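Novice: Everything below, folded, please.
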Amino acid sequence: METQYREQYIRFGLKVQYYRKLQGLTQEAFADKIGKSWSFVAKIESPTRVFGVSMETLFKIAEALEVPASKLFEE
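Specialist: Sure, this is the predicted structure:
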């Protein structure tokens, strides 16, 4: 996916990974919590590829990680 916001997508994925690990969740366990596959989570968290999510999925991620959605976009 081509985008001018590449850095923001990557930062988002790394934030998801950070908070997931703080919760002590594997990608598989986290994927179950948000109703997705572990490969979907791996794509989000990849530091080398851009992968977007829907607003619905964004809110599920934030809820599963027990953080406000805005935290996933902080620098």
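
Novice: Tell me who's in contact with residue 30.
Specialist: Applying C-beta atoms under 8 Å, 6 or more residues apart in numbering to residue 30 gives the contacts 20, 23, 41, 64. Using the backbone N, CA and C atoms, a C-beta is placed for each residue, glycine as well.

Novice: That one sits in which helix or strand?
Specialist: Element membership for residue 30 (DSSP states H and E) is helix 27-34.

Novice: and the helix or strand just after that helix, what other elements does it pack with?
Specialist: Using DSSP H and E, the helix or strand that directly follows helix 27-34 along the chain is helix 38-45. For helix 38-45, the elements it packs on are helix 6-22, helix 27-34, judged by 3 or more C-beta pairs under 8 Å, 6 or more residues apart in numbering; DSSP states H and E.

Novice: Format those helices as a markdown table; extra columns: distance to residue 55 and mean pLDDT.
Specialist: Formatted as a markdown table, the helices and strands packed on helix 38-45 follow (distance: least, C-beta to C-beta, whole Å; pLDDT from 0 to 100):
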| stretch | distance to residue 55 | mean pLDDT |
| --- | --- | --- |
| helix 6-22 | 13 | 96 |
| helix 27-34 | 13 | 98 |
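
Novice: Rebuild the ones you listed as TSV, extending it with distance to residue 69.
Specialist: Below are these laid out as TSV (distance: least, C-beta to C-beta, whole Å):
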stretch	distance to residue 69
helix 6-22	10
helix 27-34	13
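
Novice: Ok, which of those comes nearest residue 52?
Specialist: helix 6-22 (6.6 Å; C-beta to C-beta).

Novice: between the helix holding residue 30 and helix 38-45, how big is the angle?
Specialist: Helix 27-34 runs at 100 degrees relative to helix 38-45, counting by axes from the mean of the first three to the mean of the last three C-alpha atoms, to 10 degrees.
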